[in-house]
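A.B. asks: 3D model of this:
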Amino acid sequence: MRTGFAAVAALCSLAAGHPVLAPAWTPVPARAPAPDTSWVARSAIYEIFVRDFSPTGDFRGVIGGLDRVQAVGSNVVWLMPIYPIGVVHRKGPLGSPYAVRDYHAVDAALGTAKDFRAVVEAVHARGMKIILDWVPNHTAWDNVWVQEHPDFYVRNDSGGLTVPRDDQGKLTDWTDVAQLDYRNPRLRGAMIDAMRWWLEQFGIDGFRVDAAGFVPDDFWRDALPKLRAAVPRPILLLAEWGDLKMHRLGFDLTYAWDSYSRLKAVWKGAAASTFVRRELADLDAMPRGGMRLRFTTNHDETAWDNPPVTLFGGASGARAAFVAMALLPGRPLIYNGQGVESPQKLGLFVRDPIAWDQPRAAEALAFYRGVMQLVRADSALVTGGLREVVTSAADDVIAYRRGDAVVLVNTRPHDVRLAVTGFDVEGARDLLSNRAQHGPTVTLPAYGVLILARRIDP
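C.D. replies: Residues are numbered from 1 along each chain as shown. Alright, predicted model coming up:
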């Protein structure tokens, strides 16, 4: 959001609508075993805004659309917040899903808890994982905690609730939500219990954490090991934040916002070579085991910026931008409609069902599936490091090496002819098309891409 039990206690409290909170909470050091994150390291994430994803805009629509998720090669489903949405100070006709009214319930507009459990089971039956969006920094003004636990909230000089402040201490324009007070240890305990409840009761596989950097570091230092220890399976923890400290606090993934900004700058004329050099610096500072979330759109970017087909110069430009980003070290993300190259600008406070019948949908799906499958399965693109590749078209072509594969992306709307230094391109094969490169000089059409590798078939 950038703008815009114990088992017995849990079961007993379900009848009341939400769990009974522990009487107090004190930070206790938690030592979780090092998680096996093998599936995390090979994840390819698909973000779903449930109200837009299907004609019905509900959990059953998600189940009916899982073929679409697998059609683009994704193996992790990220559901944007599924909790009841606040009414007080609501934005737009439907409100933001990031204005949570109850952390222990599902939005009736999406279905029931039983329906959500069916989503989890359907995802797992396909060999995929599912993570939930979590909003820990603030709640809707009419969240159940406002009445039951008023001490959970920051108060203004008049004693009333207040909108959140950003990480610099400035008030935000998030007028539909109220700031939680992490100075209160009971709030901290309740938040951890709520997150554990979804892991334990529904079997989800992790969280994408909204505005994670607004929450105190020491909370995450305590909470994340407890979440990992709560269930006997690896979970994925994605922080919506760019600071690399989040990895030291225990998150697997952080946002590559700077990469996204640099990519847009290249498309507007900045030298392509600068893109890779800045990525190398970022990766050099990356804590061990940390990864960036690589995207060319998400719910924020599409709502406040433009979808890739608009932003990057049509379908070919959108595909080129995706390759440049997705093949960097980290894990790739696809958002609602991106796989069919929908031009829709999807708002957060309205309902706008995805127009899946785009004219080149089948071609687009095949392309994105090919890229995502490479990023999931090709060892060079999963574990290979990043190195800069020198070409004779440094201003126009993003060029880098992952293991034994060289990635070449033409960022311009015209043909570019180039020579590559330090890699014999002649006879190398493109991992997407399996075509061999003939001759020592490469010609890339407008927004053309090549992923070249010299490999001997077994």
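
A.B. asks: What are the contacting residues of stretch 351-358?
C.D. replies: 51-55, 57, 68, 94, 336-337, 340-342, 344, 346, 364 (C-beta atoms under 8 Å, 6 or more residues apart in numbering). Placement of C-beta: from N, CA and C, glycine included.

A.B. asks: Now with 7 Å, please.
C.D. replies: 51-53, 55, 57, 94, 336-337, 340-342, 344, 346 (C-beta atoms under 7 Å, 6 or more residues apart in numbering).

A.B. asks: Listing request: residues of the stretch 151-300 of the chain with sub-threshold pLDDT.
C.D. replies: Judged against pLDDT under 70, the stretch 151-300 of the chain has no low-scoring part.

A.B. asks: in it, which spans are strands?
C.D. replies: Using DSSP state E, counting those that start in this stretch, the strands found in the stretch 151-300 of the chain span residues 177-179, 206-209, 236-239, 253-255, 291-294.

A.B. asks: what secondary structure does residue 47 sit in?
C.D. replies: strand (DSSP: H, G, I helix; E, B strand; the rest coil).

A.B. asks: Return the residues in contact with it.
C.D. replies: 78, 80, 298-299, 333, 335-336.

A.B. asks: distance of it from residue 149?
C.D. replies: 31 Å (C-beta to C-beta, to the nearest Å).

A.B. asks: doesn't residue 318 make contact with residue 367?
C.D. replies: No - at 9.8 Å, residue 367 does not count as touching residue 318 under the criterion of C-beta atoms under 7 Å.

A.B. asks: returning to that earlier point: could you dump the contacts of residue 47 into CSV with secondary structure, neighbour count and distance to residue 394 added?
C.D. replies: Shown next, in CSV, are the contacts of residue 47 (DSSP: H, G, I helix; E, B strand; the rest coil; neighbours: other C-beta atoms under 10 Å; distance: C-beta to C-beta, whole Å):
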residue, secondary structure, neighbour count, distance to residue 394
78, strand, 26, 36
80, coil, 23, 39
298, coil, 25, 29
299, helix, 24, 34
333, strand, 28, 28
335, strand, 25, 31
336, coil, 29, 35
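
A.B. asks: May I ask which two of these are separated the most?
C.D. replies: Using C-beta to C-beta, the pair of those lying farthest apart is 80 and 333, separated by 12.5 Å.

A.B. asks: and the residue nearest to residue 177 when sequence neighbours are not counted, how many residues sit next to it?
C.D. replies: Leaving aside its chain neighbours, residue 177 sits nearest to residue 138 (4.0 Å; criterion: C-beta to C-beta, 6 or more residues apart in numbering). Residue 138 is flanked by 29 other residues according to other C-beta atoms under 10 Å.

A.B. asks: before we move on, what about residue 148?
C.D. replies: The tally of other residues near residue 148 (other C-beta under 10 Å) stands at 11.

A.B. asks: Look up phi and psi at it.
C.D. replies: Phi and psi for residue 148, reported as degrees, to the nearest 10, are phi -80, psi -30.

A.B. asks: and the gap between it and residue 102?
C.D. replies: Here residue 148 is placed at a distance of 11 Å from residue 102 (C-beta to C-beta).

A.B. asks: Next: residue 264.
C.D. replies: The value you get for residue 264 to residue 102, if C-beta to C-beta is used, is 38 Å.

A.B. asks: Residue 428 too?
C.D. replies: 56 Å.

A.B. asks: Just the endpoints, please. Distance across stretch 229-236?
C.D. replies: With C-alpha to C-alpha, to the nearest Å applied, stretch 229-236 spans 13 Å between its terminal residues.

A.B. asks: One more: stretch 207-215?
C.D. replies: Its start and end residues considered, stretch 207-215 measures 15 Å (C-alpha to C-alpha).
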